[in-house]
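Novice: Kindly generate the corresponding structure for this input.
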Amino acid sequence: MTKTTTNILLLLIAILAGLITIVGGTFFYITCCSECGAIAPTEPTMEQVIIKEPEATAYSFAIDGNGFTYSTTDNYNFNVSSHNILMPLSEELTKGVSGLQRHLQTNESNVVNITGYYTSDEENNTAFPNLGPARANTIKNDLASKGISTTQINTMGKLMDDMIAKDGTYWGAASFGIEEESQNANDDLKALYAKINANPLILYFNTAETSISLTAVQRQKVADISRYLDKVNGAKANVVGHTDGTGKASTNLRLGQDRANFAKDYLMKNGIASDKIVATSKGQTEPIASNTTEVGKNKNRRTVITLN
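Specialist: Model prediction:
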């Protein structure tokens, strides 16, 4: 083998050794070190959503008009689904009511408007169409107990579904305003009187029935009767109990009185003063249907409420 050939072989061996080194190093890097400096993939971050509970509402006792101005953050408060005022009243609210009483006594042509608030998901167990006028009526009775004439008080209700309770209580579930009495007030009351007596409130009783369940129409009639009694001095509701013709006349007279008293108590529990209700009995003497059928007897077992 010549020297030239030997040199060529040595060169080829060197090149081959270099290639082996490169290939081996690459293989070693891939199999052993490829993950050494790799950055682990990160999980996508989840944005944390915090649900914040809505803050409870609180409406102030505030009146500004016709020469009377008073405001306090305190007000009449009610439990959810209740028309009863939470007592005691605050000192600041009592002070405002006293000032209102003095103003109305001096300004007899002024009237205070009370708007009771309610929500659509509350349970209404009163005789009124909803808890709005029921709450306003309870506030009216409190004002009357403090010397404000009911003839100077108007009551109404307002749906307030954005009202939010705190610990089961609505804080300040009412608003107030003051204005001159409407010039049509007397005509409105005459029309209301005619409406009530033309289509009176009639409660029907089954044997041994001990509760009263009113329809929406009947609830509105109670509200109308309450309004008239409040606005007209000397007005009274006549509650007359009737029976069917079964049994003795004397027994039915007592039964009719029991029904009239039961209806009177129901009206009193819903804020109508006892001295404005006269309960009497006609017994079996004024049937409106035949007592020979069960249908007729059911119609005769009734209590009729009209105005004097």
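Novice: Is it correct that residue 174 is in contact with residue 117?
Specialist: Yes. The pair residue 174 / residue 117 is scored as a contact, 6.1 Å apart, by CB atoms under 8 Å. In this view, the C-beta of every residue, glycine as well, is placed from N, C-alpha and C.
Novice: what do these two both touch?
Specialist: 59, 135 (CB atoms under 8 Å, 6 or more residues apart in numbering).
Novice: So which residues of the stretch 51-200 of the chain form strands?
Specialist: Assigned by DSSP state E, counting those that start in this stretch, the stretch 51-200 of the chain shows strands spanning 61-65, 68-72, 78-79, 110-118, 153-159, 169-170, 174-180.
Novice: which one of those strands lies closest to residue 240?
Specialist: strand 153-159 (26.4 Å; CB to CB).
Novice: domain assignment for this protein?
Specialist: 61-181, 187-307 (automatic domain parsing).
Novice: Turn those into JSON lines, columns for mean neighbour count and distance to residue 55.
Specialist: Output for these, formatted as JSON lines (neighbours: other CB atoms under 10 Å; distance: least, CB to CB, whole Å):
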{"stretch": "domain 61-181", "mean neighbour count": "18", "distance to residue 55": "7"}
{"stretch": "domain 187-307", "mean neighbour count": "17", "distance to residue 55": "32"}
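Novice: Redo these as a markdown table? Include distance to residue 53 and mean pLDDT.
Specialist: Below are the domains of the chain laid out as a markdown table (distance: least, CB to CB, whole Å; pLDDT from 0 to 100):
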| stretch | distance to residue 53 | mean pLDDT |
| --- | --- | --- |
| domain 61-181 | 9 | 97 |
| domain 187-307 | 34 | 94 |
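Novice: what's the closest of the ones you listed to residue 54?
Specialist: Residue 54 sits nearest to domain 61-181 of all the domains of the chain, at 5.4 Å, using CB to CB.
Novice: Let me have the strands of the stretch 51-200 of the chain in JSON lines, adding distance to residue 137 as columns.
Specialist: As requested, the strands of the stretch 51-200 of the chain are exported to JSON lines (distance: least, CB to CB, whole Å):
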{"stretch": "strand 61-65", "distance to residue 137": "17"}
{"stretch": "strand 68-72", "distance to residue 137": "22"}
{"stretch": "strand 78-79", "distance to residue 137": "12"}
{"stretch": "strand 110-118", "distance to residue 137": "8"}
{"stretch": "strand 153-159", "distance to residue 137": "5"}
{"stretch": "strand 169-170", "distance to residue 137": "16"}
{"stretch": "strand 174-180", "distance to residue 137": "11"}
